[in-house]
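>>> Sequence first, predicted model second:
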Amino acid sequence: MDVAAMAALMREHRPRLVSATHIPTNSGLVQPVAEIGRHCRELDLLYMVDACQSVGQYPIDVAAIGCDLLTATCRKFLRGPRGSGFLYVSDRVLKAGYEPLFIDMRGARWTGPGHYQPAESAARFEEWEFPYATVLGCAAAARYAREVGVEAIARRSPVLAARLRVLLDAVPGVRVLEKGPELGAIVTFTIEGWRPEPFKAAMDAKGINSALSFREFAQFDFGDKDVDWCLRLSPHYYNTDEEVDQVAAAVAELAG
């Protein structure tokens, strides 16, 4: 992301909301969300960050980022249950009176026939129907990550991903798609001679967890890279160097 160009657009258009994705689903590129936040604070603009792929992979400090809202799911690098996630809401947003589009009994009290009182806390954005089992699972995953140490995780995971990129780069017919000043623990690549679903099935058969991303997930990025799909690998702190080597060897076998 070109932060200077983005800041120029902010000054010109004075948007109601600035939104940025910390790490996208289709690439390991880590975006400079704190730099964007600095410009948002200077211009007094609301700022929202999608930390779906970075929570559990990197330490997240909302004060350092300077965001008013931050969203995340628990099922990715945090390794919690699918269907759970969380929203951080700043005091500034609450004091400004912002509310969700639809508000219910958890988010507000019905104080009269034509009146209601929003919850003072971020519970304003919650709904009455609540998946308590998945929330407990998310809390357990967060405690587990904190016990391991998020700083240690943030040091280890990108090193494994960097090792995997180097090994994949050496495989004929494989094109690693990550480029940028800071890369996280998501590795994406294309491979000649394969269609997406059969290639993923071949990786599954070798016991390797992976995911597919398609152009419809990232029209601008994949358009620039001139690809219609890629395979995504996400090494995490519990993986070993030997496992990374095995994955690269499996890709080389399939490429051959």
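Noted; the coordinates are in hand. Numbering: from 1, shown residues only.

>>> check which helix or strand covers the spatially most central residue of the chain.
In the chain, the centroid-proximal residue (Cα atoms, centre = their mean) is residue 53; its distance is 2.1 Å. Using DSSP states H and E, residue 53 sits in no helix or strand.

>>> right, and it touches residue 77 too?
Yes: the pair residue 53 / residue 77 is scored as a contact, 6.8 Å apart, by Cβ atoms under 8 Å. No exception for glycine: its C-beta is placed from N, CA and C like everyone else's.

>>> Which residues does stretch 158-177 contact?
27-28, 178, 183-193, 225, 227, 230, 233, 235-237, 239, 241, 244-245, 247-248, 251-252, 255 (Cβ atoms under 8 Å, 6 or more residues apart in numbering).

>>> give me that answer again for 7 Å
The list of residues contacting stretch 158-177 from outside it, by Cβ atoms under 7 Å, 6 or more residues apart in numbering, reads 27-28, 178, 183-193, 225, 227, 230, 233, 235, 239, 241, 244-245, 247-248, 251-252, 255.

>>> Which of these fall within strands?
Using DSSP state E, the subset of the contacts of stretch 158-177 located in strands is 187-191, 230, 233.

>>> Residue 116 in helix, strand or coil?
Judged by DSSP: H, G, I helix; E, B strand; the rest coil, the three-state class of residue 116 is strand.

>>> Without its sequence neighbours, what residue ends up closest to it?
residue 108 (4.5 Å; Cβ to Cβ, 6 or more residues apart in numbering).

>>> beta partners for that neighbour?
Beta-bridge pairing for residue 108 (DSSP bridges): residue 118.

>>> how's this structure carved up into domains?
According to automatic domain parsing, the chain comprises the domains 3-148, 150-255.

>>> would JSON lines of those domains with mean pLDDT be doable?
Shown next, in JSON lines, are the domains of the chain (pLDDT from 0 to 100):
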{"stretch": "domain 3-148", "mean pLDDT": "95"}
{"stretch": "domain 150-255", "mean pLDDT": "96"}
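
>>> rewinding a little: who are the contact partners of the residue nearest to residue 116?
By Cβ under 7 Å, 6+ apart, residue 108 lies in contact with 116-119.

>>> now residue 229
Contacts of residue 229 by Cβ under 7 Å, 6+ apart are 196, 212-215.

>>> just the strands in this protein please.
Here the chain has its strands, by DSSP E, at 18-21, 47-50, 69-73, 85-89, 108-112, 115-118, 174-176, 187-191, 211-214, 229-233.
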